[in-house]
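A.B. asks: Fold the following and give me the result.
(chains A, B and C)
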Amino acid sequence: MSSFSPEAAQWFNLLAHEHQRRVLQDVTVAHYGNGALIARKGETADHWIGVMDGLIRISVGNADGKVASLTGIPVGGWLGEGSILKKECRKYDVVALRDSYVARLPSRTFEWLLDNSIPFNRYLLDMLNERVGQFIGRAEHDRLLNADARVARCLAELFNPLLYPGLKQRLAITQEEMGYLARVSRQRANQALKKLEGEKLLRVEYGAVSILDLDGLRRYGA
DNA sequence: TCATTAAATTGTT
DNA sequence: AACAATTTAATGA
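C.D. replies: You can find the predicted model right below:
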């Protein structure tokens, strides 16, 4: 998937044809290898970023090189609108968790869509609302939950059908990647996944997980 | 297409 | 963190 794909950008399908044309004209797609920095904290935010293929992570690192993962973004997720809207520098690092293809929409185009497309505004509003809810829920529980529950919540977030409509019920993610997102060791992620599988909330596959009970995962540990 | 081998991922200590 | 077992991907006949 080395070019822009509307399947990984649900908002694109909502646009009028003339708006779609401009997007296709302005958007670029680049490949990022495992662990590569897609956008770094502090630099000017002049693009809206979307995941065409792969999996990326938003994180904030401190001086020690320790990283606290904030959230993972799978195929179909778009991010960085906050920095564009407020004309700020990026507040977080964005890194590829594995080989990924990333689309960039210039901020001028982004703002042009804001001014001219009602469907685009509608989409952004829904998305921001959903994201606020996600972060509030996280801030509330994050520190209190054990590793099992963190893995469960993490997966539930990745499968958010509104933010990432591209995902059906199966996500290609290794247990190591899962560990990076939930901030647990790979071994612990393995244990957690097996426990959740035992409770019939998901199914563990080779290099992937399938969700059986999304609500159950959301509620896990509550 | 099948068999062999290498690489990636998982399960366990 | 290390190691063995398992699954997938790649290669070549």
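A.B. asks: how close does the residue nearest in space to the middle of chain A sit to residue A:206?
C.D. replies: Centroid-nearest residue in chain A, with C-alpha atoms, centre = their mean: residue A:73, separated by 1.5 Å. Going from residue A:73 to residue A:206 by C-beta to C-beta, to the nearest Å gives 23 Å. Just so you know, the C-beta spots here come from the backbone N, C-alpha and C atoms, and that holds for glycine as well.
A.B. asks: repeat for residue A:189
C.D. replies: According to C-beta to C-beta, residue A:189 and residue A:206 sit 15 Å apart.
A.B. asks: Tell me which helix or strand the nearest residue to residue A:221 once chain neighbours are set aside sits in.
C.D. replies: Excluding the flanking residues, the one nearest residue A:221 by C-beta to C-beta, 6 or more residues apart in numbering is residue A:149, at 3.0 Å. Here residue A:149, judged by DSSP states H and E, is contained in helix A:147-158.
A.B. asks: Wondering if that helix reaches DNA strand B at all.
C.D. replies: No - using C-beta under 7 Å from any atom of the strand, no contact is recorded between helix A:147-158 and DNA strand B, whose separation bottoms out at 12.4 Å.
A.B. asks: quick one: stretch A:175-193 near DNA strand C?
C.D. replies: Yes - using C-beta under 7 Å from any atom of the strand, stretch A:175-193 reaches DNA strand C at A:185, A:187.
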